[in-house]
Each structure stands twice: as C-alpha cells, then as structure tokens.
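Next come a sequence and a model predicted from it.
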Amino acid sequence: MSIEKSKPLQSIYEPEFVQELFNEMSLTYERMNTITSFGFSNRWRRRCVFELNIQPNQVVVDLMTGMGETWAYICQRIGPSGTLIGIDFCEGMLRYADQKKRKKQFSSYTITIHKQNVLAGTLPAQSADHVVVSFGLKTFNTGQIKQLAIEIQRILKPGGQFSCIEVSVPKPALLRILYLFYLRQVIPILGALFLGNPQTYRMLGVYSTQFKNSKQASQLFQDAGLICQPTSYFFGCASGIVGHKSQ
C-alpha cells in the first residue's frame, strides 16, 4: 500500500483505509508494538483488562481484537467456563488471531472470532458482561467514537463494565517533545527495517497525534449514557476510559 504524505486527514479514518493499513502491518505489528513501546504496550493491555471486575463464567467482548493480544489476560479471568468474543475487520490480523486461538495455551477456553466492523451492530443487545478496547480508539474520528460508545452501551448488560486503552500524547513539555519525535521519526525508521515501508508505521504517529488522549472520548462515552472516567498511565504516554452501564 502506498500512503501519501498529503493524504487528507478525514480520509485516514475511512474503514477501507484503516483495514488496508493494518492488513499490511499484520506481518510485523505484534513484534513492532512490543519493541517500539519497550514492552509497555503489553503492560498497558494487562492494566486495561485488570481495570475490570471480570469473573469466571462471564462474557467478554474484545473490540478491535487484532491478533488477540489481550486474550491471555482476559482468559486468565474468565476461566474455561467463560466466553471471549473477538471482533475485528482486518483479515491479516485475524489470521494470526485464529492461529493463536488454536494454540495449546487457549485450547481450554471458549473463544469466538467475528470478522466485521465493530460498528456493524450485529451482537445481541445486553449480551456482554464486559467490553475491552485496546489501542483502537485512535483510528476513529469523533463521529465514529460516538458510534462506538453507543454500540458499547447497547451490547453491555445492565451494570456491565468496559475499559479502553490508547497511546496518547503526554502533557509534560519535554516528554511530549521526545515522545512525538519518537512516534514521528524513530518508529517509521523501525517500520522500514521490519516492513520496508516507513510510511505505513508513520501513520501510527499521525493517529496518535490527532487523538491526543482519551479525555474527549470519555465525554463522548458519557454522552452515550455510560458512567465513566478517563485514566492516565506513565505520565500520559497512554490513557484510557473505564466505566460501566447503569443498572
């Protein structure tokens, strides 16, 4: 895929563009994520899941599940009697998720994968005890985040919980300058080494810069009728939203 530097910002949120972008990155995404975040991405995913009071037998929906990077933490909580539903529209990512599902580590768990846009609205209403969204918010514009919040509100059972995590732009000036330099300059170089295409991974910096942090998204979730609050991790290098649906 050829990503033009002059690509209009509004078009980078088109589902077809995001789908193609992550299909191309799927060969190296998990490894790149771990390396470029110095392992923090895995810690933040764990923290995202552990914000929730997940119990055995419950149903957890992992929206934008990617390669199933949160599954180990979710399965640890739901046990063999629970159900994990992963949803994503990126075929390249789901190919690896399906391979992961077949590994011995997950053989005793009930995991269902759906290839579809998370905004499609096909899951039954009030069917999930918990919803997890890890590192997917930045690829949505404001209107899409509104839709996502409404969808989460729809599929959660009364009292059900949700947790989101996303790479963010920290507020401390020096850290922000260094972090943005890393996102915009260093990660594309690593992308060129791993994938041969610096423009593809440069888009992650573009998305993160436009997203800023989860504060605005948290307000949109509240507007959708969810009770929530924004969270911040590692001086704002990651932020999230934790909340629940009223009884």
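Nice, I can see it.

Could you give the number of residues near Ile78?
By the criterion of other CB atoms under 10 Å, Ile78 has 22 neighbours. For the C-beta atoms, the positions are set from N, CA and C on the backbone; glycine is no exception.

residue contacts, it?
By CB atoms under 8 Å, 6 or more residues apart in numbering, the contact set of Ile78 is Ile54, Gln55, Pro56, Asn57, Gln58, Val60, Leu84, Tyr109.

do you know how far the fourth one is from Ala72?
Applying CB to CB, to the nearest Å, the value for Asn57 to Ala72 is 19 Å.

Just want to know which of those two has more residues nearby.
Ala72 (15 against 11).

following the helix-or-strand element of the chain with minimal mean pLDDT, which helix or strand comes up?
Lowest by mean pLDDT, DSSP states H and E among the helices and strands of the chain is helix 29-36, with a mean of 69. Using DSSP states H and E, the helix or strand that follows helix 29-36 in sequence is helix 40-50.

Now that following helix: buried residues?
By neighbour count on 16 or more other CB atoms under 10 Å, the buried set for helix 40-50 is Phe40, Ser41, Asn42, Trp44, Arg45, Arg46, Arg47, Cys48, Val49.

What is the subsequent helix or strand relative to it?
Toward the C-terminus, helix 40-50 is succeeded by strand 59-63 as the next helix or strand (DSSP H and E).

For that following strand, name the packing helices and strands.
Other helices and strands packing on strand 59-63, by 3 or more CB pairs under 8 Å, 6 or more residues apart in numbering; DSSP states H and E, are helix 71-78, strand 83-88, strand 128-134, helix 142-155.

possible to save the buried residues of helix 40-50 as TSV with pLDDT and distance to Phe234?
Below are the buried residues of helix 40-50 laid out as TSV (pLDDT from 0 to 100; distance: CB to CB, whole Å):
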residue	pLDDT	distance to Phe234
Phe40	79	7
Ser41	84	11
Asn42	89	13
Trp44	93	8
Arg45	95	13
Arg46	95	13
Arg47	95	10
Cys48	96	13
Val49	97	17
